[in-house]
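> Need a 3D model of the following:
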Amino acid sequence: MRNEWSKGFNLKTDWITKNKKALLSPIGLFIGTLGICCIPITQSLISYPIKAQPTETFTKKSFVAEALARSGPAVVTLETQRRVIQGNSALPPGLLMDPYLQRFFGLQGMRRPRSRIERGQGSGVIFSSDGFVLTNAHVVEKTDRLMIGMSDNRRVPGRVVGQDSLTDLAVIQLEGSGPWPSAPLGNSDQLTVGDWAIAVGNPFGLENTVTLGIISNLNRNVSQLGISGKRFELIQTDAAINPGNSGGPLLNAKGEVIGINTLVRSGPGAGLGFAIPINRARAIAKQLVEKGRASHPMIGVSLSSLPSNNSNDFNFNEAGAMIRYVMPGSPADIGGLQVGDVIISVGGKEINSPRDVITAINRHGEGSPLMFEIRRSIQTLNLAITPIDMNSISNF
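Numbering: from 1, shown residues only. All right, here's what the predicted structure looks like:
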């Protein structure tokens, strides 16, 4: 080591002797000094190269990717076909095709009805390893032919097991041999505003589209959206839901299905989507699989919220729901409910709005008594009322 150092020192001394005149000039002196100072540094860099530190690699997937890996294989595409008859007459098509009947009824010149094939597309999710698919009723309504596209590119036929227009839910049975992937179902009663929401479906025919947002609101009444003739409450989300997403799943951060996408707000205020809570969908799907139809318990009353300000005419707190109409001969009428009564609890649970009454009746079901605590003037009464199926309403 000492010899190497001496050799290097002698090389520097010889170089200075040969370039003595150049070094005596100011510029030469500066350059020479700099060169002498840099020689050891350069030698050091050459002798002891600096090793590059390995860069850290990030391979962790996002929670969205992990959630999709859990439920994504169970998301399917629904391709529907229905025959639509077009014509300018309500008469039977055979009448218009017979020339003798045309002359007899004076129908000459009328165009024969034409038919066309109308194709549609929607989404669904397999919720059972038996091949049952949950989707929207409006997706499969009046469908003549139904094909299901799987995530592994298989296409299998399906048949509608049952559909319920009031809740806009339908169940399809896959035809063919499995095994079928299935998505885990979550608990929509445990949702809170601000939770992550992942919408999966096939908007505008773009398969396997995933969007991310949050739960914006819970228990959104469908009547607030200007929709009548339906009976369900919705999860509101800002995760993008577009035409073609209908029937697809809304997932939580764990990849569990917490809702079935059903509506999207268009026009002013666009950007809001709505899904049927999975707990409600699960109960309806069970009935559709077992009985082919869903029952909707009712007692036969019309309800409204209480006035915002109490007056001397009402001796009650603001919590509750007021009865505005009682259907004659209905369970409510038979059980003793009257117009003006205020329902303060159902089945032992406090009532804060008409929605709470409907939810309590739906969860209780039909055929067994349900206790109603009401306030009538200054009295508090407890009445047992047995809900019946809404389909029985024709009997009244």
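
> Output the below-cut-off pLDDT ranges for the stretch 1-150 of the chain.
Scanning the stretch 1-150 of the chain for pLDDT under 70 picks out the ranges 1-59, 86-113.

> From Ser302, how far out is Val339?
Val339 is 9 Å from Ser302, where distance means CB to CB, to the nearest Å. Any C-beta I mention is one placed from the backbone N, CA and C, and that applies to glycine too.

> make that Asn136, sorry
For Asn136 relative to Ser302 (CB to CB), the value is 28 Å.

> How about the contacts made by Gly365?
By CB atoms under 8 Å, 6 or more residues apart in numbering, Gly365 lies in contact with Ser295, Pro297, Pro387.

> so how far is Ala283 from it?
The gap separating Gly365 from Ala283 is 9 Å, by CB to CB.

> same thing with Ser128?
From Ser128 to Ala283 the distance is 15 Å (CB to CB).

> Check Ala74 too.
Ala74 is 20 Å from Ala283, by CB to CB.

> what do you get for Gly186?
For Gly186, the distance to Ala283 (CB to CB) stands at 14 Å.

> Which one of the two is surrounded by more residues?
For the pair Gly186 and Ala283, the greater number of neighbours falls to Gly186 (23 against 17), based on other CB atoms under 10 Å.

> Can you list phi and psi of that one for me?
Main-chain dihedrals, Gly186, degrees, to the nearest 10: phi -90, psi -160.

> List the contacts of it.
Asn252, Lys254, Glu256, Val257, Ile258, Ile278.

> From Asp238, how far out is it?
Taking CB to CB, one finds Gly186 at 19 Å from Asp238.

> top of the contacts of Gly186 by neighbour count?
Of all these, the highest neighbour tally under other CB under 10 Å goes to Ile258, namely 29 neighbours.

> quick one: it is in a strand?
Yes. Assessed with DSSP: H, G, I helix; E, B strand; the rest coil, Ile258 lies in a strand.

> I'd guessed it sits against Ile276; true?
No. Using CB atoms under 8 Å as the test, Ile258 is too far from Ile276 to be in contact (10.1 Å).

> between these two, what contacts are shared?
Each of Ile235 lies in contact with both Ile258 and Ile276 under the rule CB under 8 Å, 6+ apart.

> Helix, strand or coil: sort out the residue nearest to Thr211 when sequence neighbours are not counted for me.
Nearest residue to Thr211, sequence neighbours excluded (CB to CB, 6 or more residues apart in numbering): Ala240, at 4.0 Å. Here Ala240 is coil, with the state taken from three-state DSSP.
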